[in-house]
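A.B. asks: Build the 3D model from these lines:
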Amino acid sequence: MKVPVVFADERRGLVKAEDLQELIEQAAIVSFLRSDGECVQIATDAVRGMGGKKYRGPERRGNVLFC
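C.D. replies: Residues are numbered from 1 along each chain as shown. Okay, here's the model as predicted:
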């Protein structure tokens, strides 16, 4: 799948979805369009894998019970 992006030099283009993370890490793109139609600005919006502080508490995700 190709993802619409805006490169750092303001050119627009399409890149392979699997190449997106590497381009973000290299600061080669400044924005991209998510599959839900939302435009993401790399410098200001949340991007997967670029979260905040590491959680140091107990693991809770595996202990959820659904009724």
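
A.B. asks: any idea how far residue 57 is from the closest residue to residue 2 other than its chain neighbours?
C.D. replies: Once flanking residues are discounted, residue 2 sits nearest to residue 14: 4.0 Å by CB to CB, 6 or more residues apart in numbering. For every residue, glycine as well, the C-beta is placed using N, CA and C. Counting by CB to CB, to the nearest Å, the gap from residue 14 to residue 57 is 41 Å.

A.B. asks: ditto for residue 46
C.D. replies: Separation of residue 46 from residue 57 (CB to CB): 21 Å.

A.B. asks: Who has more neighbours out of those two?
C.D. replies: For residue 46 versus residue 57, the count of surrounding residues by other CB atoms under 10 Å is larger for residue 46: 8 against 5.

A.B. asks: Any stretches of the protein with poor pLDDT?
C.D. replies: Where the chain drops to pLDDT under 70, the residues are 48-55, 58-67.

A.B. asks: so where do the strands sit in the chain?
C.D. replies: 2-7, 12-16, 29-33, 39-41 (DSSP state E).

A.B. asks: Let me have those strands in a markdown table, extended by mean neighbour count.
C.D. replies: A markdown table is the format used below for the strands of the chain (neighbours: other CB atoms under 10 Å):
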| stretch | mean neighbour count |
| --- | --- |
| strand 2-7 | 16 |
| strand 12-16 | 11 |
| strand 29-33 | 17 |
| strand 39-41 | 13 |
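
A.B. asks: residue contacts, the residue positioned nearest the centre of the chain?
C.D. replies: Closest residue to the average C-alpha location of the chain: residue 47 at 3.3 Å, with CA atoms, centre = their mean. Residues in contact with residue 47 (CB atoms under 8 Å, 6 or more residues apart in numbering) are 24, 40.
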